[in-house]
Structure formats: C-alpha cells, structure tokens
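Peer 1: Need coordinates for the following:
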Amino acid sequence: MATVTLSTDDFTTLAAWAENYGLASDAYAAIRAMVERIETANGMVRRFLMVRWRDATAPHSGVAFADWPPQYTTTLLRYDTPWTYEEVMAAVDARTSQPVGVEVTEDRTGTVGWYDITTFFGR
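Peer 2: Okay, the predicted model is just below:
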C-alpha cells in the first residue's frame, strides 16, 4: 500500500473536518479512527478546545445551557503548542462584540468538562 504524506496544516484541516462535519456521517467512527492512528504514528498531540460564550447584548431564556445558540460555540484545533487564554479570547472576540460567561472544554463532544475560562487557564 502506498504512503501518503500530509503537512501538519493539511492534517489539521482534515482532523478539524472530521470533528466538525464527520459527526453527521455514518463514516465518523472510521474517519476518527484514521485520524487517531495518524496522530499516534506521528507522535502528534491534539490541542483541541470547544469554546462557548454568551453575548451580553443578545437575549436568552435565563435557563443555563437550555438555549446555547450554535453561533456562540466554536472549536479550536492545532498540533503544535497548547492554546493560551489570550488566543482563546481573541477567537471569541472575533465572533462577538460583548462576550460573557466564556467556558471551555477539552471534550470533543462538548458534553462534559466545561470550565469557566479563567479557571481552565488557572487565572
């Protein structure tokens, strides 16, 4: 079988696609397993964060997590250095004008492990 070589940037793009779009596909498990095999074979460490926030200017029901709009959630993925507080906040600031209640998790499904951003980064 032939060997295929990807740059880290190309592989990051593939892995991000698998995370964000592969979930709706029947092939998700196979794609996720392939990405994990490549990571393991190449000693790559995934630096994944899911981030969510509220916009202080947008109305919501007041029930925690019940109405978390998808436009106030994003994922960050790379393979070089861990994310910093400043980088995560820059990503949030680029998407909303008045972020409040910023939370992060390393859980790829976004189901568990949510922490306030200041707690997560030990501030």
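
Peer 1: all contacts plus neighbour counts: C-alpha atoms, from now on.
Peer 2: OK.

Peer 1: where along the protein do the strands fall?
Peer 2: Remark: strands assigned in the chain by DSSP state E are 47-55, 73-78, 99-105, 115-116.

Peer 1: List the pairing partners of the second one within its sheet, with orientation.
Peer 2: Strand 73-78 has these partner strands in its sheet, going by DSSP bridges: strand 47-55 (antiparallel).

Peer 1: okay, and for this structure, where does confidence drop off?
Peer 2: 1-2, 4, 20-27, 60-67 (pLDDT under 70).

Peer 1: what do you get if the cut-off is 90, keeping everything else the same?
Peer 2: Applying pLDDT under 90 to the chain flags the ranges 1-44, 46, 54-72, 79-80, 97, 108-111, 123.

Peer 1: circling back to that earlier point, select, out of the strands of the chain, the one closest to A15.
Peer 2: Judged by C-alpha to C-alpha, the one of those that comes nearest to A15 is strand 73-78, at 8.3 Å.

Peer 1: give the contact list for R52.
Peer 2: Residues counted as contacts of R52 (C-alpha atoms under 8 Å, 6 or more residues apart in numbering) are Y72, T73, T74, V102, E103, V104.

Peer 1: Let me know which of the strands of the chain is tucked in deepest.
Peer 2: Each of the strands of the chain was assessed for mean neighbour count using mean count of other C-alpha atoms under 10 Å. The highest is strand 47-55, with a mean of 20.

Peer 1: What count of nearby residues applies to T111?
Peer 2: 9 (other C-alpha atoms under 10 Å).

Peer 1: surely L76 meets E19?
Peer 2: No: contact criterion C-alpha atoms under 8 Å: L76 and E19 do not qualify, at 10.5 Å.

Peer 1: ok, back up a step: reformat the strands of the chain as JSON lines; add distance to R32.
Peer 2: Formatted as JSON lines, those follow (distance: least, C-alpha to C-alpha, whole Å):
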{"stretch": "strand 47-55", "distance to R32": "14"}
{"stretch": "strand 73-78", "distance to R32": "14"}
{"stretch": "strand 99-105", "distance to R32": "19"}
{"stretch": "strand 115-116", "distance to R32": "25"}
